[in-house]
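Undergrad: Fold the following for me, if possible:
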Amino acid sequence: MNTPDHPGVPAAYHGVWARTLLETPEGRDTSTWVRWLQTGLWHGDLRVPPDAPRDTPEGRAQTQGFAGTTAITRPDAALPEVCTWQRTIDFQPPRSTPDAGHMVFETPARVIETGIHGRYLEVWERLPDSLGRRIALARLDADGQPTAERLLVAGVYCMHLRPRAAAWPADLVPGETLGDLIRRHPTQADALLDFDIAFGKKEHGVWTLERATQPALEGQALPCALHRVDAARARVERGPLAGGWQVLEWVDDTRNEAIAEMHERP
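TA: This is a model prediction of the structure:
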């Protein structure tokens with residue numbers, strides 16, 4: 001999993017983080033539902049605004065979500081650590097600037113992120129039952145080759161991300177949003193929105209979806225029996241995620257989870 005280019009994410013970042021505050025020059029946001037799931041290298045992120053009309057293509061296009069690898073660096077010893085989310089799949093069009101922020105831990109379960117390429121402040125709080133188990137899988141195709149589809153697990157939480165098959169329209173302009181594209185290309189709306197991200201708890205072989213890019217999935221309890229076949233492969237036996245997966249990361253350390261949770265208690 002770890003290489004010289006990707007030495008692995010420190011344990012302080014592992015787990016699922018809920019954003020409780022966003023401050024920008026435009027104002028404060030405490031109501032958008034945001035979850036960032038972080039394993040030892042891989043991340044998944046889903047952001048659902050509270051007031052978007054999600055029964056319309058334009059409303060669904062306001063959701064944000066992405067996945068990829070994470071890098072933690074400290075280019076300047078006088079400044080906080082820098083967290084860079086290197087996106088390999090994204091619900092929205094490509095960003096014009098890197099997704100990176102300075103990170104300062106107020107407590108083991110609370111971290112403050114401030115912008116490097118933009119003016120913002122975000123407060124992240126770790127969900128206490130998101131430690132101990134860290135899994136990152138890539139879906140295998142019919143030929144046994146890994147795809148860009150990801151299944152990520154942190155503690156009792158699971159996030160699934162399947163990118164769209166459609167390419168971006170040829171007239172994509174830097175800085176555009178998915179909503180901009182759908183308004184300009186309404187006949188392509190279904191293809192552009194065909195990108196699944198779903199997050200929820202997975203316990204006792206059942207995955208209960210809390211939020212998803214497909215609103216109809218929210219609240220469903222789906223079978224999801226996940227097990228490791230060998231060092232390189234895993235399988236999901238039931239439900240919509242059934243099939244073969246490549247193991248990118250698989251760590252199960254409940255002892256460290258218990259220690260971390262003790263440190264997080266006031």
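
Undergrad: quick one: Ala109 and Asp129 touch, right?
TA: No - the criterion here is Cβ atoms under 8 Å, and Ala109 misses it with Asp129 at 11.7 Å. All C-beta spots, glycine's among them, are computed from the backbone N, C-alpha and C.

Undergrad: who has more neighbours, the two?
TA: Ala109 (21 against 16; other Cβ atoms under 10 Å).

Undergrad: What values do phi and psi take at the more buried one?
TA: With angles defined as degrees, to the nearest 10, Ala109 sits at phi -110, psi 10.

Undergrad: separation between it and Gln64?
TA: Distance of Ala109 to Gln64, given as Cβ to Cβ, to the nearest Å: 24 Å.

Undergrad: Leu131 now?
TA: Counting by Cβ to Cβ, the gap from Leu131 to Gln64 is 25 Å.

Undergrad: Mind giving me the packing neighbours of the strand or helix carrying Met103?
TA: Taking DSSP states H and E as the definition, Met103 sits inside strand 100-107. Under the contact definition 3 or more Cβ pairs under 8 Å, 6 or more residues apart in numbering; DSSP states H and E, strand 100-107 sits against strand 81-90, strand 110-115.

Undergrad: so which of these gets nearest Asp230?
TA: strand 81-90 (24.8 Å; Cβ to Cβ).

Undergrad: avg pLDDT for the closest one?
TA: The average pLDDT for strand 81-90 rounds to 97.

Undergrad: Give the pairing partners of it; include direction for each.
TA: When sheet partners are counted by DSSP bridges, strand 81-90 sits next to strand 64-73 (antiparallel), strand 100-107 (antiparallel).

Undergrad: Strand 110-115 and the shortest one, what's the angle between them?
TA: Same thing as strand 100-107. Inter-element angle recorded for strand 100-107 and strand 110-115: 160 degrees (by axes from the mean of the first three to the mean of the last three Cα atoms, to 10 degrees).

Undergrad: Name the residues of strand 100-107 that come out as buried.
TA: Residues of strand 100-107 classed as buried: Ala100, Gly101, His102, Met103 (neighbour count, 16 or more other Cβ atoms under 10 Å).
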